[in-house]
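> What shape does this take:
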Amino acid sequence: MDGDKITKKYIPLVFLLLAFYYASTFIVGAQNVRKLIETEISFPTDLGSAPVNFNLQSLGNKKFKLVLEKPSKQLTDVKIYDILGNLILHDQLNPTDGMQKSYDFTHLNSKLFVVEVGNAKYNKTKSVYANPPGSMERNVNLDE
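Just a heads-up that it's a prediction; the model follows:
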């Protein structure tokens, strides 16, 4: 009779230990991950792309023109930021767009723009102050 009490007392414990054992063997078995072996080396198609050289010409009153030095043979990314670093415009120039493109930001308060032009490999950044040449800003105080 005492043997039955001991057996009934330890049966749940034995089941619990067996459950932990099988769960731990499953976790170990699940971490056996197969690794693929690379047999080929592949390179991006635009790896040999040349740097993009460009100039910025102020057209005045928050307008400027981007002029590429050479025609591009691939897509060229153009990102324009305001002086605070906020991205204003993300544009792409196609080879069919030609060597220049004008931008008009008269709807914005900023007059200084940072322009980043590049391709998949190279990026160049320049800034342009888009204010009419020879003009100065005048702050008018209406309290006087």
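> where in the protein is pLDDT low?
The chain contains residues with pLDDT under 70 at 1-7, 20-38, 42-49, 132-144.
> Do a quick rundown of the helices in it.
According to DSSP state H, the chain carries its helices in the segments 2-30.
> Just give me the neighbour total for residue 82.
16 (other C-beta atoms under 10 Å). C-beta: built from backbone N, CA, C; applies to glycine.
> list the contacts for the residue lying closest to it once chain neighbours are set aside?
Nearest residue to residue 82 in three dimensions, chain neighbours excluded: residue 110, at 4.0 Å (C-beta to C-beta, 6 or more residues apart in numbering). If a contact means C-beta atoms under 8 Å, 6 or more residues apart in numbering, then residue 110 has 62, 82-84, 88 as its contacts.
> When you filter those residues down to buried only, what's left?
Among those, those that count as buried by neighbour count (16 or more other C-beta atoms under 10 Å) are 62, 82.
> And the strands in this protein, which stretches?
With strands called from DSSP state E, the chain shows them at 54-60, 63-68, 76-81, 87-93, 100-104, 112-118, 123-129.
> tell me which residues in the second one are buried?
If you call a residue buried by 16+ other C-beta under 10 Å, then strand 63-68 has these buried ones: 63-64, 66, 68.
> Need the residues that contact it.
Contacts of strand 63-68 (C-beta under 8 Å, 6+ apart): 52-59, 76, 78, 93, 99-106, 113, 115, 117, 128, 130.
> Only whichever of those are buried, select them in ChimeraX.
Typed into ChimeraX, the line below selects the buried ones among those, using 16+ other C-beta under 10 Å:
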select :52,54,56,58,76,78,93,103,105,113,115,117,128,130
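> how close does residue 99 sit to residue 87?
Counting by C-beta to C-beta, to the nearest Å, the separation of residue 99 from residue 87 is 24 Å.
> just residue 10 next, same as before
Counting by C-beta to C-beta, the gap from residue 10 to residue 87 is 68 Å.
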